[in-house]
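Peer 1: Coordinates only, no sequence provided:
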């Protein structure tokens, strides 16, 4: 899917220079930036990430539903 994004001249020049420095295309820089943004907000990027997140949520719910362990009672001698 194609979408148009508008940059001011200064930002676009800096992105082009960054692309040259890293030997990357503007598309590769954009892919990396959007992947980082999604990760920051906890949104899975692909199926693999979605399955990992789902497995972690399942493990967390199992731990929450388990009854809490009680520490043995200690008695003081006087």
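Peer 2: Structure received. Just so you know, these numbers come straight off a predicted model, no measurement behind them. Numbers count the residues shown, from 1 in each chain.
Peer 1: for this structure, which helix is longest?
Peer 2: helix 47-65 (DSSP state H).
Peer 1: List of residues touching that one?
Peer 2: 42, 44 (CB atoms under 8 Å, 6 or more residues apart in numbering). In short, each C-beta sits where N, CA and C put it, glycine included.
Peer 1: in that helix, what counts as buried?
Peer 2: By neighbour count with 16 or more other CB atoms under 10 Å, helix 47-65 contains no buried residues.
Peer 1: what does the average pLDDT come to for that helix?
Peer 2: The average pLDDT for helix 47-65 rounds to 77.
Peer 1: next one: stretch 9-24
Peer 2: Averaging pLDDT along stretch 9-24 gives 97.
Peer 1: Ignoring the adjacent residues along the chain, who's closest to the spatially most central residue of the chain?
Peer 2: Among the residues of the chain, the one closest to the centroid is residue 39, at 2.2 Å (CA atoms, centre = their mean). In space, and not counting its chain neighbours, residue 39 is closest to residue 45: 6.8 Å by CB to CB, 6 or more residues apart in numbering.
Peer 1: quick one on the thing from earlier: can you give me the offset of the strand or helix carrying the residue nearest to the centre of the chain from its chain's centre?
Peer 2: Assessed by DSSP states H and E, residue 39 sits inside helix 26-40. Distance of helix 26-40 from its chain centroid, counting by CA atoms, centre = their mean, to the nearest Å, is 11 Å.
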